[in-house]
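Novice: Here is my input; please provide its structure:
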Amino acid sequence: MVTERKLQVQIPKDLLLALFQYHLAGNEEYLPEIEKALMEKLDSMVKRQLYTTFKTAPTEEEREKARQEYLDKCGMHENFRW
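Specialist: Next up, the predicted model:
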């Protein structure tokens, strides 16, 4: 039996309060702020996963692929890469 490791994600207090305002108080003015913050968080999580894969992948090919994807996600210009 394989058990999956549970991932915990932290969000800033401002985002949590905006989510409360939107969902509990029905204040739709917070929707753009929530969408922006959630997209930033998702991007951050993807970059973190790529970096972890880059450092821990079992093969050199997988490490290099994850490294390139990570640098692409970070916006690193190809001329500045090693």
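
Novice: Run through the strands of this protein in chain order.
Specialist: In the chain, no strands are found when defined by DSSP state E.

Novice: Tell me where the model's unsure across it.
Specialist: Scanning the chain for pLDDT under 70 picks out the ranges 1-3, 81-82.

Novice: What residue, apart from its backbone neighbours, is nearest the residue nearest to the spatial centre of it spatially?
Specialist: The centroid of the chain falls nearest to residue 45 when counting by Cα atoms, centre = their mean (2.0 Å). Nearest residue to residue 45, sequence neighbours excluded (Cβ to Cβ, 6 or more residues apart in numbering): residue 9, at 6.9 Å. All C-beta spots, glycine's among them, are computed from the backbone N, C-alpha and C.

Novice: Around that neighbour, count how many other residues there are.
Specialist: 8 (other Cβ atoms under 10 Å).

Novice: ditto for the one 5 residues further on
Specialist: Here the neighbour count serves as a burial measure; for residue 14 (other Cβ under 10 Å) it reads 10.

Novice: quick one: contacts for the closest residue to it other than its chain neighbours?
Specialist: In space, and not counting its chain neighbours, residue 14 is closest to residue 37: 7.6 Å by Cβ to Cβ, 6+ apart. Counting by Cβ atoms under 8 Å, 6 or more residues apart in numbering, residue 37 touches 11, 12, 14, 15, 18.

Novice: Against residue 10, how distant is residue 74?
Specialist: 21 Å (Cβ to Cβ, to the nearest Å).

Novice: so how far is residue 71 from residue 79?
Specialist: Counting by Cβ to Cβ, the separation of residue 79 from residue 71 is 12 Å.
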